[in-house]
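1. sequence first, then the predicted structure, then my questions.
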Amino acid sequence: MRQYLFTLIALTILLVACKPSPTYETSSENRVNTFTFYTDTLNPGLTEAIYKIEHRDYPDTGLIYNKDSLRFGTRLDSVVPYITYKATPGSATFYLPNDTIVCTGYDTVNLEEKPVYLHVLASDMQNERWYRIEIDAHKINPDLYIWTQLAENICSTQNYETKAFYIDDKFVLFVNNGLSTQVYTSSDATSWSLSNQAPSGLPVPCYVRDIIQHNDQLYYIANKTVYRSENLYRWTATDYGTASFEPINMLMSYDNKAWCIIQDTTTTQLTLATIQADSITPCTCIEGLKDGVLPAHFPISDFATATFQSSSERPRAMVVGGRNIKGGPVNSRWNLEFVSAGSIYRLKDFTISQPTFHTLTGASIIQYNKHLIMFGGIDNDQEWNSNILYSYDEGMNWYAPNPEYNQLPSQYQSRHKQSVIVEQNAIYLIGGQSDTTSFSDVYCGRLNSLL
């Protein structure tokens with residue numbers, strides 16, 4: 001019996017010895033497939049962002065980065081990356097300036113310190129790849145407006161009115177003190193020089209605030225006369241003293257037309273009109289108006305205008321505040337909208353009484369970052385509007401922004417009749433008046449996200 005036992009043991013040993021050893025498949029694949037982060041309630045934008053992976057020309061290099069910077073305030077000092085690979089690697093390791101972390105899949109990494117590298121070793125333990133990780137967040141608040149004063153005092157005369165334009169790649173400031181009109185120019189809104197050529201053909205005095213720019217031309221109306229200039233300095237005059245209507249004031253440049261307000265000399269009714277060269281064409285077919293007649297509370301002076309594309313991609317214009325034909329202040333917001341081909345327009349009153357918007361005269365409005373912004377003005381109680389006002393619904397409602405995000409410099413003084421220009425994503429506030437002071441200073445503001 002013992003003989004058979006030894007024989008069985010010998011056979012077992014022989015069979016085990018003849019059984020082939022197990023084989024394990026290895027791969028030379030060392031590429032990262034996807035890169036993101038585990039959900040982090042303190043940094044919700046982490047998982048929403050898009051992360052790009054570049055496998056460079058050299059087989060052992062790569063780059064991982066976010067397509068757009070993460071929102072301001074995102075913390076990257078303790079994040080947990082979620083990484084998948086083309087094939088299971090032999091090892092993966094983070095190399096930081098002050099630390100080395102062997103990846104387990106749930107590793108907290110400080111991406112604030114740079115450079116950060118990810119080393120991937122293929123399962124064949126031979127082929128490797130290095131990725132530089134460049135994950136960035138906004139260092140400055142994109143919703144913050146940065147304001148600076150560019151010029152303290154362009155001109156030294158007193159009791160003057162100003163109006164600024166941006167024409168032919170330069171800033172232009174018209175100044176009138178009741179005795180003469182002067183022109184100052186600047187290439188950067190910081191350094192200004194008085195032109196040695198005074199405008200000719202304008203009346204004295206000239207209320208330069210009422211000058212409007214239409215394409216490369218300037219228009220002004222006074223004493224039944226339309227003044228027009230194509231070069232800032234030489235003005236031609238067209239007298240409408242014998243016409244059936246009297247031009248009252250320029251309104252705005254809108255839908256590639258220069259618009260003005262005219263008054264019938266017989267009925268004294270007000271209507272809108274357009275000017276082409278020196279020819280005025282009354283607009284008597286505007287939806288919302290009977291025979292084109294403007295209501296009594298439509299402003300003829302000291303109003304603010306803004307032209308822009310509406311959400312329906314139609315050209316729109318707003319006429320806000322101002323004074324009516326009797327000189328009284330009005331609280332109105334008028335919307336002029338293009339309706340259809342054939343020069344059909346619609347005029348509607350969007351007036352809404354709100355605590356943040358009273359009767360205003362001398363305000364200024366621009367479109368910036370897809371919403372309207374209003375500066376300055378004075379209400380019926382002689383209270384100066386020191387707040388900036390926003391409208392996100394194309395002029396129907398207005399509110400004051402959080403001053404932590406948008407506040408004018410401390411040296412800025414409340415005023416009305418200032419000029420506001422938008423050029424290359426920057427806002428320029430130029431000149432204006434208060435009850436005791438005429439201003440010729442310049443402030444520049446820019447939204448961080450538009451830098």
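-> All right, it came through fine.
2. just the strands in the stretch 351-451 of the chain please.
-> Along the stretch 351-451 of the chain, the stretches classed as strands by DSSP state E, counting those that start in this stretch are 364-368, 371-375, 389-391, 419-423, 426-433, 438-447.
3. over to the stretch 1-150 of the chain?
-> 32-37, 51-55, 61-66, 81-85, 91-96, 99-102, 116-121, 128-134, 145-151.
4. follow-up on the earlier one: reformat the strands of the stretch 351-451 of the chain as a markdown table; add mean neighbour count.
-> In short, each C-beta sits where N, CA and C put it, glycine included. Below are those laid out as a markdown table (neighbours: other CB atoms under 10 Å):
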| stretch | mean neighbour count |
| --- | --- |
| strand 364-368 | 21 |
| strand 371-375 | 22 |
| strand 389-391 | 21 |
| strand 419-423 | 18 |
| strand 426-433 | 23 |
| strand 438-447 | 20 |
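5. point out where the stretch 251-400 of the chain drops to low pLDDT.
-> The model of the stretch 251-400 of the chain has pLDDT under 70 over residues 341-343, 352-357.
6. how about low-confidence regions in the stretch 51-200 of the chain?
-> Low-confidence segments of the stretch 51-200 of the chain (pLDDT under 70): 59-60.
7. hang on, the earlier thing: to residue 295, which of the strands of the stretch 1-150 of the chain lies closest?
-> Nearest to residue 295, of all these, is strand 145-151, at 36.5 Å by CB to CB.
8. sheet-wise, list the partners of that closest one with their directions.
-> Here strand 145-151 has these sheet partners by DSSP bridges: strand 438-447 (antiparallel).
9. only C-alpha atoms, please: export the strand it pairs with in CSV.
-> Output in CSV follows, covering the C-alpha atoms of strand 438-447 (Å, rounded to 0.1, in the frame of the first residue of the first chain):
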residue,chain,number,x,y,z
SER,A,438,-18.7,122.6,-15.1
PHE,A,439,-16.6,119.5,-15.5
SER,A,440,-14.1,118.5,-18.1
ASP,A,441,-12.7,115.5,-16.4
VAL,A,442,-12.5,112.0,-17.9
TYR,A,443,-13.1,108.6,-16.2
CYS,A,444,-12.6,105.2,-17.8
GLY,A,445,-14.3,102.0,-16.7
ARG,A,446,-14.1,98.4,-17.9
LEU,A,447,-15.7,95.1,-16.9
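10. what ranges do the helices span in the chain?
-> For the chain, applying DSSP state H gives helices covering 2-18, 45-48.
11. ok, and the closest non-adjacent residue to the residue nearest the centre of the chain?
-> Geometric centre of the chain, nearest residue: residue 369, 2.4 Å, by CA atoms, centre = their mean. Nearest residue to residue 369 in three dimensions, chain neighbours excluded: residue 447, at 5.6 Å (CB to CB, 6 or more residues apart in numbering).
12. isn't the one you found up against residue 370?
-> No. Counting by CB atoms under 8 Å, residue 447 stays clear of residue 370, with 10.8 Å between them.
13. and the nearest residue to residue 296 once chain neighbours are set aside, what is it in contact with?
-> Take residue 296 and drop its neighbours on the chain: the residue closest to it by CB to CB, 6+ apart is residue 324, 6.2 Å away. Counting by CB atoms under 8 Å, 6 or more residues apart in numbering, residue 324 makes contact with 296-300, 330.
14. circling back: want to throw the strands of the stretch 1-150 of the chain into JSON lines with mean neighbour count and distance to residue 316?
-> Below are the strands of the stretch 1-150 of the chain laid out as JSON lines (neighbours: other CB atoms under 10 Å; distance: least, CB to CB, whole Å):
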{"stretch": "strand 32-37", "mean neighbour count": "16", "distance to residue 316": "42"}
{"stretch": "strand 51-55", "mean neighbour count": "14", "distance to residue 316": "39"}
{"stretch": "strand 61-66", "mean neighbour count": "17", "distance to residue 316": "37"}
{"stretch": "strand 81-85", "mean neighbour count": "17", "distance to residue 316": "47"}
{"stretch": "strand 91-96", "mean neighbour count": "17", "distance to residue 316": "54"}
{"stretch": "strand 99-102", "mean neighbour count": "11", "distance to residue 316": "56"}
{"stretch": "strand 116-121", "mean neighbour count": "20", "distance to residue 316": "49"}
{"stretch": "strand 128-134", "mean neighbour count": "19", "distance to residue 316": "43"}
{"stretch": "strand 145-151", "mean neighbour count": "16", "distance to residue 316": "24"}
